[in-house]
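> starting from these lines, generate the structure:
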Amino acid sequence: QVQLVESGGGLVQAGASLTLSCEGSGRTLSSNAMAWYRQPQGKEREFVGAISWNGDSSDIAVSVRGRFTISRGNVKNMMYLVMDNLKPEDTAVYYCAAGAYTEAFGVILNVEPRYWGQGTQVTVSS
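Next up, the predicted model:
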């Protein structure tokens, strides 16, 4: 079993930066991708970004590309989401996930989340 715990959420003003962390524990996450999803209130959950176990492959959603950066920590079960120039529309619960993935030429094409964290709230005020 894998446990994922997110941290770093909070209330910030538009234009600010925030870094989310996800720590995995339990069985090894090798061969899995770790990913971020978000769910605004009253809307469906949407993909934000993903990164492979070794960090060689990644992807960021077009809607946040250029503002959000995903990375793995030196400790392989850590993942980060650096969010710059936050906008009110980024307000959502952000979830960490892990699961199998497909990739090509360094780009993650698809993630099949098997494990989920509890989520962390990010609120951006205008």
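> quick check: nearest residue in space to the spatially most central residue of the chain, chain neighbours excluded?
Residue closest to the average C-alpha location in the chain (Cα atoms, centre = their mean): Trp36, at 2.2 Å. Nearest residue to Trp36, sequence neighbours excluded (Cβ to Cβ, 6 or more residues apart in numbering): Val48, at 4.1 Å. In short, each C-beta sits where N, CA and C put it, glycine included.
> report the separation between the residue nearest to Ile108 when sequence neighbours are not counted and Val5.
Counting by Cβ to Cβ, 6+ apart, Asp59 is the residue found nearest to Ile108 once chain neighbours are left out, at 4.2 Å. Between Asp59 and Val5 the distance is 23 Å, computed by Cβ to Cβ, to the nearest Å.
> and the two? which has more neighbours close in?
Asp59 (23 against 13; other Cβ atoms under 10 Å).
> the longest strand seen in the chain: which residues count as buried?
Longest strand in the chain by number of residues (criterion: DSSP state E): strand 92-104. For strand 92-104, the buried set under the neighbour-count rule, 16 or more other Cβ atoms under 10 Å, comprises 92-99, 101, 103.
> for stretch 74-82, same thing?
Buried, per 16+ other Cβ under 10 Å, within stretch 74-82: 77, 79-81.
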